[in-house]
Structure formats: structure tokens, C-alpha cells
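K.L.:
predicted structure and sequence below. I'll ask about it afterward.
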Amino acid sequence: MADSGQPPRRRLVPWNPEETGPDGSAPPPLPPDRQPRGRPPLKWIALGVAVLVLALLVWRVVAVLPEFLPERAEREVPAETPPEGEEGAAAEPPPTGERSDARTARDHARALRDAVRMEAAGSPREGALLEIERYFVRAERAEDRRAYAEAEAEYRRAVRELEALRGDVSAWRAAREGIAELEDNLREVQVEEAFEADALREVREGLSRARTSMEIGRYGEAANLAASATARLAEARQSAAGRLEAEVSRGQRALAEGDGATAIEAFDRVLALDPAHEAAAVGRQRAETIEEVSARMREGRRLEERGDLRGALAAYGAAADLDEYAVDARQAVSRVRRALRDKAVEDGFREVAQLIEADRWDEAERRLRDLRGEYPEDNRIAGRMEAFAEERRLNRVRVALIAAREAESAREWERARGIYRDLIDTGVDRSEVIEGYERTGRVLRAKQAFAINIRIAREAADRGDYQDAITRFNAAMEQKPDYVDLTTEQVALQSFLEQQSRPVPVTFISDGRTLVSYIGPMNRSPAVMEREQTVELLPGRYRIRGARMRFRPVEFELLVRGDEPPGPVRVIAHERER
């Protein structure tokens, strides 16, 4: 039921529940015989409670009175009937009637109200919050009556209204911002006016419709219209930019063809629409000198075809100086410089080859270093220097091998071996070098062994050890290189040792009782000799000993020589022992 527009009548609730009647009304008066006596302070207490309750009633009336104003009461919808057109109301579960659920709905509604109040500040829909406040008032009244299901339903209605209001505010803000942005963008449309006038007309019409929808409160429609107009303006701008760049390309093609007038006309049109267009400004500057640049380029190509590279380089360089953006001129300068460099390097390589052929290696190396200093960016020079170093190394090996072979031919074995050793130390591992080193080593070792054996043979001959001397001399002759000839002294030693190689007859004289023995190149065990006995002994030094029982032994040395046979040798132990 709709409210009557008057505040409900309130009854005074007794402060002591025990004093209420069965139906909650005030109890009937006590009989006279049961009236309390002798307690005057109770009246003052009752008076104070009455004043306090009256003050609370006055505050409550003042708080709820605005809701019952006539202009608002006419629009109020009964609490029992849900508002028409509410989306999602049928999908909500029915109120539970629990106090906790009502409190939860209240907290949610109040938090949403605070958030929407901040969002709606300054918007045309800010006044709608006052209309939504009636749901909170009815819900609080229902809570006071402990009608928690009714209170929860009112809070839910408040939430739905607040969410709808939030959507309206968001749409209003989006429409306002979209219209403002579109207005700002339409202030700078010089290029678009020149190329896309029809599209701009559509954009302005869309802006006008968006403003109209904004004025009549259709904020969502206004936001959509502003967004559509903004997208159409972006398309127009993109198309206009493409057409502007096409005009720039036309001017650049005219530059490439040497048509300065057409280029100036195209670039002037672009700069009139967009004075900050860098490519058009550069093209306009180049167009003033394009004819002279083209003439210099033609002259450069003519000289280059004739083979005059230096003249062509001067012509191309002049064209590049006139137009710093002339890519073809800069490329031509680079190409001719590279050709001149290649020619100079090739001439230098030919000069180096001639110096190498003349065996002037130091001069060739200096020429290569000069080339590297002049053209450090040419990688071919570094490769040629590496090849030159290898050629020089091989030449040094070749020269050293020739010197080593000449030393071997001259039988200068120590020098030849030194050359081979130096080559090996420098990392040369060629087979002829290693074989030469081993060959000269064998020759030198043979010479050394021959000399050592000859010396030992001579020393043994001087000591009388003729058989040892003969053995050493034979070993020396086996080790003697074929090209080595015997010296006069060595020949004399050979003849002497030949005489000492044959046995010599030696006559021993004894008494027939003495045991005779000798030790030397030939040995004899102790035995009794005949009184006179001749024995063939090899030349050499012998130790002769004669021994007899109870006689002092006889011992002495005997040198047997092939060229001077010794006389009779007496071996008799005749001196008795004391």
C-alpha cells in the first residue's frame, strides 16, 4: 500500500518490559491499595525517561519527514511491487528474511552508493541519487520493524538503481570525452580538407548528432556516435596521408628524371598543406639544382666510359657536392674510388712480383707495406703480405738448402749440418732437410769415431799393446768415410801394426824343474819347460813367471815385437827361500 504522506503515529514503549500488558499495551492502573508508597524519586525517573523518548521521536520524525513530502510521495512505488523494467530482478533469489542477509545487503548498497556518489559528482545524473535514497529510507524503516525480508528487497532495488545510474554516468563521461577529443582533432584537418572533404563532412555530421543525443540525455548513443565519427576521421587521415605521400613520390620521381619544374610543383603543394614535411622540404631544395646535378652526372658517366677514372671522380664529386641527398652521385663516387684503388693495388702487386723475380726481397716487402699504408681498407693487401711472407720463407729455405749441399760437396760437414739444424729450428720439416741433417750427422760421427780409434790404436801401440792397437785400427778403418784419406803418420802406423800382426818365435831357456807361465796376447799355464824351447808368440807385452818349490819365484815383463825378435829368454828359479 502507498503511504498516506503523514508520519506514522508512535506509541511510548515502557522502559520496563515487565510493566507491559499481555498485548504490549500499557498495563491498567494499580488499585489504590497497591499504589507504591514512600518512593517519591521514581516519579523523577519516569519523567526523565519520558523526556528522552520524546527527544528520540522528534529526531526520527525530522529524519524521515522528507520522504513523505507530497511531490515525492506521488512517485513512490509500493514496497510490495517490484519496479517495472528492472532487468535481472526475476533472476535474484527471494529475500531470506534473515537479519544477517539484510545487513549484508545494506553494507553492499551503502558502499555502492558512496562509490557512485563520487563518480556522479558534476554529472547531469547527480540528482538521481536523491531519488534512490528513498529505498534506503524504506529499508531502514523495515529494519526497525524487524521486517528483514522487506529491508533486503529494498536494498536490492537500491543496488539495481545505483548500477543503472553508474552505467548512465559512465556513458555520459565517455560521450563527453569522445566529443571533446573529436572537436580537438577537427581543429587541425588542413591535409584532410584538401584530400578528404566528403569524409570530413561525414565526421562533422556525426559530431552534430552526438551533441544532440548528449543534450537529450542519450549518453550511450552519443558515445557511440562520437566513436564512429572518430574512427571515420582516422580513416580520412590515413587516406589523406597516403595521398600526400603519393604527391611526395611524384616529386621524387620527377627529381630522378631531372624534371625540376614538376618536382617543384609537387613539393610546393605538399609544403602548403604540411609545412613541416621533411622529405618535401629536402626535395624542394634539391629540385632547384637538379638540372646541374644531372649534367654533372652525365659528364661523369661519359668520362668513366672513356676510362678517365680521375676525371669521372671529379664530375661525380661535384654532383654530390651540389646535392648531398643524391644517392646515385654518392654511389658513383664510391664506385670510381674503388676502381682507382683496385688499379693502384694491382699495379703495386705487379711491381712487387718484379722485385721478387729480381731477388730484391727487402724492396718488395717495403712496397707492400707502403700499399697497406695507402689503402688500409683493402683486404687483398693483407692476404698478399701473408703470401709474400710464405714465399720469402720458402726462398730462404731454398737458398739454405743450396748452401748446405755446396758445403757437403766441399766436405764442410760441420757447416752443412749447422745449416740443416737452423732450418729445422725455424720449423722447416721438409724431407730433404731432415735427411741432410741425419746424413751429415752420420758423416761427422764416423769421422769422430775414426779419429778416436786411430788415437787409441796409436796409444796402444806406444804401450806395446799391439793386438789392442790392431783391433782399434781395424775398427777405425771400418768407420773411415770413403772420401777420407790416411795421413802419412796413419800409413806408418798401419805398416807397423801389420808387422805386429804375425807371430814371432821366442826361445825360452829353463832348468827343466821350474814351472814357466806367461800372460799377454797369448797365455801359458804354469808347466815345466824343456831346458830350451822355442814358442810362437804374437807381438805384445807379456808377463813371464817361473816358480819352483822352496825357491823364490822369478817374474819379469817381456816385449815381443815383430820387427825386432827378442833373444833367448831365461826362466830359472835358482834362489832358495830363507
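P.N.:
Arrived safely.

K.L.:
what about the residue lying closest to residue 452 once chain neighbours are set aside, distance to residue 491?
P.N.:
Using C-beta to C-beta, 6 or more residues apart in numbering and skipping residues adjacent in sequence, the residue nearest residue 452 is residue 476, 7.9 Å away. (Glycine included, C-beta is placed from N, CA and C.) Residue 476 sits at a distance of 13 Å from residue 491 (criterion: C-beta to C-beta, to the nearest Å).

K.L.:
do residue 513 as well
P.N.:
Distance of residue 513 to residue 491, given as C-beta to C-beta: 49 Å.

K.L.:
who has more neighbours out of these two?
P.N.:
Set side by side, residue 513 and residue 491 show more neighbours around residue 513, with 15 against 11, by other C-beta atoms under 10 Å.

K.L.:
so who does that one touch?
P.N.:
The neighbourhood of residue 513, defined by C-beta atoms under 8 Å, 6 or more residues apart in numbering, consists of 528, 548.

K.L.:
sketch out the low-pLDDT regions of this structure for me.
P.N.:
1-43, 56-91, 285, 288, 324 (pLDDT under 70).

K.L.:
how is it partitioned into domains?
P.N.:
Per the record's domain assignment (automatic domain parsing), the chain is made up of the domains 77-83+95-178, 247-344, 413-499, 504-570.

K.L.:
just checking, what packs against the one helix or strand residue 559 maps to?
P.N.:
When elements are assigned from DSSP states H and E, residue 559 belongs to strand 554-560. If contacts are counted by 3 or more C-beta pairs under 8 Å, 6 or more residues apart in numbering; DSSP states H and E, strand 554-560 sits against strand 504-509, strand 540-547.

K.L.:
to residue 565, which of the ones you listed lies closest?
P.N.:
For the helices and strands packed on strand 554-560, the distance to residue 565 is smallest for strand 504-509, at 5.0 Å, taking C-beta to C-beta.

K.L.:
okay, the helices and strands packed on strand 554-560 in CSV with mean neighbour count and distance to residue 522 next?
P.N.:
Below are the helices and strands packed on strand 554-560 laid out as CSV (neighbours: other C-beta atoms under 10 Å; distance: least, C-beta to C-beta, whole Å):
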stretch, mean neighbour count, distance to residue 522
strand 504-509, 17, 10
strand 540-547, 20, 8
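
K.L.:
tabulate those (CSV), appending distance to residue 391.
P.N.:
As requested, the helices and strands packed on strand 554-560 are arranged in CSV below (distance: least, C-beta to C-beta, whole Å):
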stretch, distance to residue 391
strand 504-509, 72
strand 540-547, 66
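
K.L.:
which stretch among these comes nearest residue 487?
P.N.:
Counting by C-beta to C-beta, residue 487 lies closest to strand 540-547 out of the helices and strands packed on strand 554-560; the figure is 25.1 Å.

K.L.:
CA-only coordinates of that closest one in CSV, if you can.
P.N.:
Provided in CSV are the C-alpha atoms of strand 540-547 (Å, rounded to 0.1, in the frame of the first residue of the first chain):
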residue,chain,number,x,y,z
GLY,A,540,153.0,-57.6,-27.5
ARG,A,541,153.8,-57.2,-23.8
TYR,A,542,154.0,-60.4,-21.7
ARG,A,543,154.3,-61.1,-18.0
ILE,A,544,156.8,-64.0,-17.5
ARG,A,545,156.8,-66.0,-14.3
GLY,A,546,159.0,-69.0,-13.1
ALA,A,547,158.1,-70.9,-9.9
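
K.L.:
tell me what that strand is packed against?
P.N.:
Based on contacts counted as 3+ C-beta pairs under 8 Å, 6+ apart, the elements that strand 540-547 packs against are strand 515-519, strand 554-560.

K.L.:
which residues touch whatever helix or strand residue 494 lives in?
P.N.:
Element membership for residue 494 (DSSP H and E) is helix 488-499. Surrounding helix 488-499, the residues in contact under the criterion C-beta under 8 Å, 6+ apart are 454, 457-458, 461, 466, 469-470, 473, 486, 539, 561-563.
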